[in-house]
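> Model the structure of this input:
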Amino acid sequence: MAKRLICKGKEVASVQSIVGATLTLLSIILIMDSMRLLGRYRDSQGPGFRLGAFHDQLIGYGTLPLSVIEWLMFDDESSLREALR
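Sure thing, here's the model as predicted:
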């Protein structure tokens, strides 16, 4: 019986490792997409760019996917269409 508990612990650790790696990858993707969105916003605002205004607008959209936020911010459906493919 004790041997089974040791194996179960290893299995749990293995699953935690996989989940942790997956969450790290998803975090990196989210950061990269957010930085791309920030760059596009900065380009569209020109010299009047304010980081706080970007954050306010981004947070105002709540939990919408970034492709939908990009469509709403820039009236550009291309990222939304790509996400729906």
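
> which residues of this structure fall in helices?
2-45, 51-60, 66-74, 78-84 (DSSP state H).

> so which of those helices is the most packed in?
helix 66-74 (a mean of 18; mean count of other Cβ atoms under 10 Å). Where you see a C-beta, it was placed from the backbone N, CA and C, and this is true even at glycine.

> any idea of the pLDDT on the spatially most central residue of the chain?
Nearest to the mean C-alpha position of the chain, counting by Cα atoms, centre = their mean, stands Leu30 at 2.4 Å. On the pLDDT scale, Leu30 is placed at 85.

> quick one, what contacts it?
Leu66 (Cβ atoms under 8 Å, 6 or more residues apart in numbering).

> I'd like to know how far it sits from Ala13.
Going from Leu30 to Ala13 by Cβ to Cβ, to the nearest Å gives 26 Å.

> before we move on, what about Arg36?
Distance from Arg36 to Ala13, by Cβ to Cβ: 35 Å.

> same thing with Tyr41?
Distance from Tyr41 to Ala13, by Cβ to Cβ: 42 Å.

> can you check Arg85 too?
For Arg85, the distance to Ala13 (Cβ to Cβ) stands at 37 Å.

> same deal with Leu72?
42 Å.

> doesn't Phe49 make contact with Tyr41?
Yes: Tyr41 lies in contact with Phe49 (Cβ atoms under 8 Å); the separation is 7.5 Å.

> Tell me where the chain is predicted with low confidence.
1-9 (pLDDT under 70).

> show me the contacts for Leu80.
Leu80 neighbours (Cβ under 8 Å, 6+ apart): Ser67, Val68, Glu70, Trp71.
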